[in-house]
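# A predicted structure for the sequence below; I have some questions about it.
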Amino acid sequence: MADALKVPAHVRPYVDALGLQLAARFLMEFGGSVGYLSVNPRQDAEIARFLGREMTIALARSVGEGPVAFPTARPFLAKVLRDNGLNNQQIARRLSVTYRTVRSWLNGVDPNQMSLFS
């Protein structure tokens, strides 16, 4: 599914390390925050508890060790959620945005772009 869905460059290391669905769940949980990645994660680390030790190590190798600002990637996540069968209202609630924003993301329209004809 990751091949059919265009994965943005800033999200690619997460998808490569975790797979599409786990990467999406990870970004919905941690996107917009800063976390510390290590190839030797502590057992009590929040990310290691969420992903498991092996996936945390894989992510650290893919993204890099140390403090990492995790992307929100909400337009990409909206497309993943749509492919998982959610409708625009459900996606909007899940990503804490309006349904109009979701509709614009899914239709390929920048919600901040002014119309030339209005």
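Thanks, I have the structure now. Quantities reported herein were computed from a predicted structural model and do not represent experimental measurements.
# same for the helix-or-strand element of the chain with minimal mean pLDDT, what does it pack against?
Least confident element among the helices and strands of the chain, by mean pLDDT, DSSP states H and E: helix 99-106 (a mean of 94). With contacts defined as 3 or more CB pairs under 8 Å, 6 or more residues apart in numbering; DSSP states H and E, the packing partners of helix 99-106 are helix 74-83, helix 88-95. Yep, even glycine has a C-beta here, placed from its N, CA and C like the rest.
# show me the contacts for the closest residue to Phe70 other than its chain neighbours.
Nearest non-adjacent residue to Phe70, counting by CB to CB, 6 or more residues apart in numbering: Phe30, 4.7 Å away. In this structure, Phe30 makes contact with 47, 50, 70, judged by CB atoms under 8 Å, 6 or more residues apart in numbering.
# distance of Phe30 from Asn87?
Distance, Phe30 to Asn87, by CB to CB, to the nearest Å: 25 Å.
# mean confidence score for the helix or strand harbouring Phe50?
Under the criterion of DSSP states H and E, Phe50 resides in helix 46-51. Averaging pLDDT along helix 46-51 yields 96.
# which strands and helices sit next to it?
helix 20-30, strand 34-37, helix 53-63.
# for the very next helix or strand once past the last one, packing partners?
Following helix 53-63 in sequence order, the next helix or strand is strand 66-69 (DSSP H and E). The elements that strand 66-69 packs onto, with contact taken as 3+ CB pairs under 8 Å, 6+ apart, are strand 34-37.
# Quick check: the spatially most central residue of the chain vs Gln43, distance?
The centroid of the chain falls nearest to Leu27 when counting by CA atoms, centre = their mean (3.6 Å). Using CB to CB, we find Leu27 at a distance of 23 Å from Gln43.
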